[in-house]
Structure formats: C-alpha cells, structure tokens
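> Fold the stuff below for me.
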Amino acid sequence: MAVGAGATGGDPQGSGGGPGQASLGRIAVVGLVVLAIAVALIVYAAARAQEPSGGAEEAGAPETTDSATRTVRVLTVDGDTDKPLPSATVWVGTDGAAGHGVRTDSSGQTTVSAGQGWLVRATKSGWTDDEARVATVAVTVRLLLYEEKRQWTKFGYDLARTNHNPSFTDRPPYELAWRYEAVTLLEFPVSAYKGVVVGTTGRGRVFCLDAKTGEERWRVQTRSVFAAQPALSGDKAYVTGMDGRVYCFRLSDGKTLWRFNTGGPIESSPVVDGDRLYTGTWNNAVYCLHARTGRPLWRFETGGDVKGTPAISGNRLYVGAYDGSLYCIDKRSGRSIWREHLGGTIYSAPAVSDGRVYVGTTAGTVDCLSAAGGGRVWRYVTGDSHFGVYSSPAVAHGLVYVGSFDGRFYALNARTGSLRWSFYAEGDVSGSPAVIGDIVYMASLAGHTWALEARTGEVLHRFPDGRYTPASANGDLLFIAGRKVLYAYRGSRVEK
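Purely as a prediction, here's the structure:
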C-alpha cells in the first residue's frame, strides 16, 4: 500500500517478499486509528437513534411543554382602560386551553396550575378573547380583553350603519392625549380595535397606531388613493382603494395577505360580516368576497356607480347608486329583493333602524323608506338641489342626523321626518356625522368640527380642525380626523 512504499523508500515487497518491520508498525497504527473512528461512528449513531425525530431546534417545531406544574397567577385587564376585569373565565391546557374554567375575582385575578408552555386563555361574554403561553420563569400571566361594543371597527360603527356608539360617555372639556401627523388628506376617521387604530390617507398610506400613545406600529405605502375607512376584523385590516383593489393586511404587522382587483375605482368603505366582505365600485357593481381569501362570491350589477357604503340588516344589504336608485339585495345570494328610484344621484350611504332605511340624495332630499318593501315613508327637502346631501345619515335618540351643501346640519324626527333642530355650520357639510353617547360630532368644509348636544343641537365644543367625516371613539379616547392631522382626546367620563 502507499503508506508502506513511502516508509521503506524501496521495493514495495521488501527483500523477503513481505513488509519490513517499519511497515508492520505503521500498519498497526493505521489499524488502531481506523478502529477508533469506527467505534466513534457507532457511538454517534446510537446517540442519534435516541433523539426524538425533528429535534426541538428544528425550524417550525412545536413549543415544548413541561408536565411539571406550578401555581400561576392570571390577571385579566380591560385593554382599553387598563382596569382589572372581574368575572372573566380562565381556561388552561397543554395543547389548547380547555377543561374546567375558573373565574377571576373582583380584582381581575385568579390562580391556576400550569406547566411551561401551557396555554392560558381568558374569555368573557361580550368581550374579545386573549391567550398566552406560560414562559419558563413566569409566575404571572396578564391577558387583555376588549369590550366588543366599544370597538369602532368599520365605517358607520355597526352593520346597519347607524353611526351611533352609545357606550362612549365622555363629554367636554376635552384634553389632547396625542396627535398624529398624517401629512396628506384624512377624508375618513380611523377604525379602532383591540388597542390599535388604523387609518388611510389620500395619497395611499395605510397606518396603524397604538391607541393609547399614538405611536406608529406600522405603515404601508401603496400607489393607490384612499377615500374610505378601513374595516377591522379578527387579525385583519381591510382597505378599499381608488386603484380598484381591495386590500387585506395582517393587523399585527401590516403584511399584505391578499388583494383583489374589481376593475373599477372604490370609494365605498368595506363592510365585513362574518366570513364575507362587501363593497361597491365605480363600475356599477356591488362585490361580495370571501373575507379570508379574497375569493369573489358574487357580483351585483347596478344602474350606476356605487360610492356609498352598504348597510346590512338581517339577511339584507342596502346600497344606493348613481342611477338614483336604492337597492335591497339578498346578502348571501346577491339576488335583488327590491329597488326604489329616488331621483338625483345617491352618494350617501344608507342607515337602517327600526324597519326603516334612511338615505340622502344629490337632489337635496333625505328619504325614509320601508326596509321590507322599499316604499317611501317620508321625504325632507333641504335647501340645496345642486350637490344636495352627500352626507350619510346617523340614527340615534329617535332622530336622523344629516348635513347638506346648503351649509346646515339637520336633526329630523325618525318617524315623521319633521325638523327637530338645525345648525348653521359656517360652510357646506359634505361628510357624515357620528353620534357618540349623547353627543353628535360633525364637520363642515369651513374647516371646523363641532360637538353638539344630540337632542337639542346646543354647541358643546368646537375643534379647530376637520373637514369631512370627523369622529370615531374607542375605550376612553375620542378620535377626531382633521384635514391632515389625527387627534386623540380624553373627556370627562359620565358613568351610566
């Protein structure tokens, strides 16, 4: 072999036809090395055989759990106010929080037995859930729950688009908590959900802020123009753009999950109802998409552009179009139920309350129709028939609130259509009002936002900024959309 030849420097067979003494010694050393390597390989293979398949360090491996339990303190908190949340139910499990639940006490606390990696989940009727895994050294798990009725997740506050949030009771005087420089136009207010607010700008920015501090968590810059309010649901934020696309972003980090191109500009704010998303487009259509995937489920043809946001009540969807018609559509199948021609064009989004539908027209009218059959119940005529009523009505306290391009803001009796009170807004009213608690918030093109007593029209406060649809609220914060600045205010809490 080559090692022997190199050692002797002569005939590889040697003088006696076999290896010399030096060659024999070297062969023995080599043999020992080979034997040692073989033993090491056997030991290594045995050790690998005892390892669990897909070791803990492999990417995507499930988090390990420790069967040894310890006492863990669980604290449930109102995420909007940071106050302890009593009477929440806490569930514990290894692969999922299950089994027998325990209630938190008046201080929002309870104790459970759990091991490392176990899942702890808290639930309460009317509140969002929260969950967390027990860390290696954790002795306390803090869970944040949010009262669902205090979340403002879409344009119009609720599916019926009444624009009335009765659970927010703060009143003037207001104290500025923070402000966010949007740089470009804010035509719509922000949507607020589970500690964050999401808004859009006229130059294609989608931004997500911490609701308490105003700190920007993420932003996405698109090539679109946005003239609609986002809709928030679960872990997703939905936005519609004038580029014709419906966007779905992950709420935690802004990652784009899917996009759908309708083929026409979208000024209609998206509405999410369960696993479905609805929006209107400028190409004479209403779309229904699967909210998780963006897959189209149906398309309804109208006689004109759809610029307002649909309203939903029960199994029916109501939407106006630029052909002057208000449409009632079966929300599951996309089939027409009825159609009522009102004259003018309809930019306003309808609102549904107590079996009636309220909507404005560019002919300067506010119309009330039967939600069941579409027949007109009453009509109120404002003082402008050129641009008329772009404003989408809000319905609360037995009144319908709406603005007009005649420079006035109206409160009408919801049953009869008679005038209860009106307010001179110093400029045309294009945007939609919001009734938050007992206060109605509205803005005019003069550049101000007002807080008015909802039942009387008394001026409670004037904000020095605002132009279109100004207000939403969440927890203990009131959000006012100025022309290019978003403001967060705290007021004086009135307990009910």
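> is Val102 in a bridge, and if so with what?
Val90 (DSSP bridges).
> which ones are touching it?
Contact analysis of Val102 by Cβ atoms under 8 Å, 6 or more residues apart in numbering lists Thr89, Val90, Thr110, Val112. All C-beta atoms are positioned from the backbone trio N, CA, C, and that covers glycine.
> for the protein, what are the low-confidence residue spans?
1-67, 493-496 (pLDDT under 70).
> burial count for Gly457?
Gly457 has 17 neighbours, counted by other Cβ atoms under 10 Å.
> ugh, typo on my part, it should be Arg455
15.
> sorry, back to before: export the contacts of Val102 as TSV, with columns for distance to Thr153 and neighbour count.
TSV is the format used below for the contacts of Val102 (distance: Cβ to Cβ, whole Å; neighbours: other Cβ atoms under 10 Å):
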residue	distance to Thr153	neighbour count
Thr89	24	17
Val90	26	24
Thr110	29	20
Val112	31	21
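> Closest to Gln221 out of those residues?
Val90 (41.2 Å; Cβ to Cβ).
> check contacts around that closest one.
Val74, Thr76, Gly101, Val102, Arg103, Thr104, Thr110, Val112, Val120, Arg121, Ala122, Leu143.
> Tell me how far Asp438 lies from Arg161.
Going from Asp438 to Arg161 by Cβ to Cβ, to the nearest Å gives 20 Å.
> who's more crowded, those two?
Between Asp438 and Arg161, counted using other Cβ under 10 Å, the more crowded position is Arg161 (31 against 17).
> Quick one: classify the more buried one as helix, strand or coil.
Here Arg161 is coil, with the state taken from DSSP: H, G, I helix; E, B strand; the rest coil.
> And it, how close does it get to Ala88?
From Arg161 to Ala88 the distance is 31 Å (Cβ to Cβ).
> One more: Phe463?
Relative to Ala88, and taking Cβ to Cβ, Phe463 is found at 36 Å.
> Show me which of these two is the more surrounded one.
Between Phe463 and Ala88, counted using other Cβ under 10 Å, Ala88 has the larger neighbour count: 27 against 20.
> Please parse this structure into its domains.
Following automatic domain parsing, one gets these domains for the chain: 69-146, 149-492.
> quick revisit: and the buried ones among the contacts of Val90, selectable in PyMOL?
Selection command for PyMOL covering only the buried members of these, criterion 16 or more other Cβ atoms under 10 Å:
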select buried, resi 74+76+101+104+110+112+120+121+122+143
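> Sort out for me which of the contacts of Val90 are in helices.
Judged by DSSP state H, helices contain none of the contacts of Val90.
> Please tabulate the contacts of Val90 in JSON lines, including the columns distance to Gly457.
Below are the contacts of Val90 laid out as JSON lines (distance: Cβ to Cβ, whole Å):
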{"residue": "Val74", "distance to Gly457": "48"}
{"residue": "Thr76", "distance to Gly457": "41"}
{"residue": "Gly101", "distance to Gly457": "49"}
{"residue": "Val102", "distance to Gly457": "50"}
{"residue": "Arg103", "distance to Gly457": "46"}
{"residue": "Thr104", "distance to Gly457": "44"}
{"residue": "Thr110", "distance to Gly457": "48"}
{"residue": "Val112", "distance to Gly457": "53"}
{"residue": "Val120", "distance to Gly457": "50"}
{"residue": "Arg121", "distance to Gly457": "47"}
{"residue": "Ala122", "distance to Gly457": "43"}
{"residue": "Leu143", "distance to Gly457": "43"}
